[in-house]
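K.L.:
Starting from these lines, generate the structure:
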Amino acid sequence: MASPVVRLNVSGEPCLVMRHVLQREPHSLLAKFSERADDKEPIFVDRNAELFCLLLNALRHPKMVPVLPDNFDKWTQLLLEAQFLRLPRIEQWIVENTPRSSVITVSYHGTLSFGRQGITSDVVNFRKIHRILVCGRVPLCRQVFGESLNETRDSGMGEEDRYTARFYLKHSFLEQAFDVLAQNGFQCVSSSANSPANSSDPYQSEEERYMHYSQFIFIRNN
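P.N.:
Numbering: from 1, shown residues only. Okay, here's the model as predicted:
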């Protein structure tokens with residue numbers, strides 16, 4: 001009589017698993033392993049041991065779903081392992097639960113504030129922002145910024161779940177926009193800016209000489 005325990009060697013890592021666990025997906029490669037397993041030698045499996053064990057634990061789960069560690073980021077590799085082992089129900093769960101990243105880009109055109117004599121004024125903010133622009137999926141931008149979002153420049157044509165680069169905020173407080181994004185789970189992953197041209201054109205005002213553009217990219221893993 002065959003032992004209820006099957007011995008596996010997953011890329012050098014010994015593994016013991018109940019035979020009925022391997023048979024939960026009757027048409028999988030694991031079910032075939034259970035059919036040819038014996039008590040003499042472990043079955044060698046040339047796969048990623050970490051991901052293989054996660055899939056074995058999913059087969060042990062009553063609902064056949066993986067229990068993944070915090071901050072797990074190997075979703076694509078896990079899906080490929082499930083496909084290789086022919087585990088369709090687990091494969092479907094992975095596809096449905098793989099995190100999708102949400103991206104919002106915030107940018108602005110700004111300059112420096114100068115007094116009447118061409119020197120920095122102590123009465124106004126040093127940085128002068130003309131407008132804070134918002135780029136991203138329409139529903140996401142509305143969800144994050146709410147009533148602060150000005151949509152007058154967006155035509156509203158086409159599908160509702162579309163991208164737009166024509167939104168801007170009703171206020172010009174950059175830090176407030178950053179706070180709202182942070183409160184909604186976004187993190188700044190990249191930024192870029194162009195330096196002022198510092199033109200010597202005598203016909204340009206001080207503010208025109210120090211015009212610059214900055215852009216910040218925020219991502220949230222859903």
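K.L.:
ok now the helix or strand that contains residue 104, how far from the chain's centre?
P.N.:
Here residue 104 is covered by strand 101-112, with elements defined by DSSP states H and E. Mean C-alpha position of strand 101-112 versus that of the full chain (Cα atoms, centre = their mean, to the nearest Å) differs by 18 Å.
K.L.:
Which strands or helices does that strand pack on?
P.N.:
Packing contacts for strand 101-112, counted by 3 or more Cβ pairs under 8 Å, 6 or more residues apart in numbering; DSSP states H and E, involve strand 127-137, helix 138-145, helix 174-183, helix 206-209, strand 212-221. The C-beta positions use only the backbone N, C-alpha and C, and glycine is treated the same way.
K.L.:
Other residues contacting it?
P.N.:
120, 126-137, 140-141, 144, 165, 172, 174, 177-178, 181, 186, 196, 206-208, 210-222 (Cβ atoms under 8 Å, 6 or more residues apart in numbering).
K.L.:
Kindly report the same for stretch 41-54.
P.N.:
6-15, 33, 36-37, 66-68, 74, 77-78, 81, 84-85.
K.L.:
And the residues you listed, which of them are buried?
P.N.:
Buried by 16 or more other Cβ atoms under 10 Å: 6-8, 10, 15, 33, 37, 66, 68, 78, 81, 85, out of those.
K.L.:
With respect to residue 99, which of those is nearest?
P.N.:
Of all those, residue 68 has the smallest distance to residue 99: 10.8 Å, by Cβ to Cβ.
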